[in-house]
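Participant: Let me see the structure of the following:
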Amino acid sequence: MDSDPKLIIVGGSIATGKTTVSKFVAEKTGFVRIALDEIKEALFDVGGYKDRAWSKEIGAAAHPVFRQLIQMYLARGESVIADATFIWDDDRIWLQEFVAKYNAELIQIWMTADPQIARQRFLERSLLTRHPGHCDSIETVIREFNERYFSKRIEPLLTDVRTLLIDTTGHTPIDSRAIISFLNDKRML
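Facilitator: Presented below is the predicted three-dimensional model:
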């Protein structure tokens, strides 16, 4: 158990590498990793999937579970890696509440990429590897996602916490040494 739990959020726009980085950080730190998409996919496996509206409803059900799991670990004094987009103002509110309530250190790893590169990755992923419950078929979501995610760079949610910005625009592998150095700065490894 950690004396001061850490809440490491791995956030950013879709198709920027959040899952890859959050898994790497979990492997290096031994902290529990909680991913919103994985909770949503488990709910799809139980409740089924139909269309984009259904996907949004399942997402609305997954979010409280995501927050509750994070809170459960922090309440026990355990550090958590949370993997989600973290782009909504409501996210800032509950994250700050958890930090205050559990005396946790909030650390942000922010994933970014050129919006058109992220869009291309999203298109490729939606055709090949994405859980079908997300209803990411091109026709279903591309207009919505073009406006929400692919028309601009998504800026970090929090500006007042220690942040590592990782730009995955290029085709170079993620710099694992930079992540380890960032984590070692606070002696998490």
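
Participant: so who does the residue most central in space within the chain touch?
Facilitator: Centrality entry for the chain: nearest residue to the mean C-alpha point is Ala84, 2.2 Å, by C-alpha atoms, centre = their mean. Neighbouring residues of Ala84 by C-beta atoms under 8 Å, 6 or more residues apart in numbering: Ile9, Gly11, Lys18, Ala35, Leu36, Asp37, Phe66, Asp91. The way it works is simple: take the backbone N, C-alpha and C, and place the C-beta from them, glycine included.

Participant: could I get those residues as JSON lines with distance to Ile174, pLDDT and neighbour count?
Facilitator: Converted to JSON lines, the contacts of Ala84 look like this (distance: C-beta to C-beta, whole Å; pLDDT from 0 to 100; neighbours: other C-beta atoms under 10 Å):
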{"residue": "Ile9", "distance to Ile174": "17", "pLDDT": "97", "neighbour count": "26"}
{"residue": "Gly11", "distance to Ile174": "15", "pLDDT": "96", "neighbour count": "25"}
{"residue": "Lys18", "distance to Ile174": "11", "pLDDT": "95", "neighbour count": "26"}
{"residue": "Ala35", "distance to Ile174": "17", "pLDDT": "97", "neighbour count": "19"}
{"residue": "Leu36", "distance to Ile174": "20", "pLDDT": "96", "neighbour count": "20"}
{"residue": "Asp37", "distance to Ile174": "18", "pLDDT": "91", "neighbour count": "20"}
{"residue": "Phe66", "distance to Ile174": "24", "pLDDT": "97", "neighbour count": "20"}
{"residue": "Asp91", "distance to Ile174": "23", "pLDDT": "94", "neighbour count": "19"}
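
Participant: Please flag which of the residues you listed sit within strands.
Facilitator: If you go by DSSP state E, the contacts of Ala84 have Ile9, Gly11, Ala35 in strands.

Participant: For the last one, give the beta-bridge partners.
Facilitator: Same thing as Ala35. In this entry, Ala35 is beta-bridged to Asp83, by DSSP bridges.

Participant: give the contact list for it.
Facilitator: Thr19, Ser22, Ala82, Asp83, Ala84.

Participant: tell me, how many neighbours does Gly59 end up with?
Facilitator: Per other C-beta atoms under 10 Å, the neighbour tally for Gly59 reads 18.

Participant: quick one on the thing from earlier: buried ones among the contacts of Ala35?
Facilitator: Listed as buried from those are Ser22, Ala82, Asp83, Ala84; burial here means 16 or more other C-beta atoms under 10 Å.

Participant: Give me the local confidence score for the second one.
Facilitator: The predicted structure scores Ala82 at 98 on the pLDDT scale.

Participant: State the distance from it to Thr172.
Facilitator: Distance of Ala82 to Thr172, computed by C-beta to C-beta, to the nearest Å: 26 Å.

Participant: For the helix or strand bottoming out on mean pLDDT in the chain, which helices and strands make contact with it?
Facilitator: When each helix and strand of the chain is scored by mean pLDDT, DSSP states H and E, helix 138-148 comes last, with a mean of 75. Contact here means 3 or more C-beta pairs under 8 Å, 6 or more residues apart in numbering; DSSP states H and E; on that basis helix 138-148 packs against helix 115-128.
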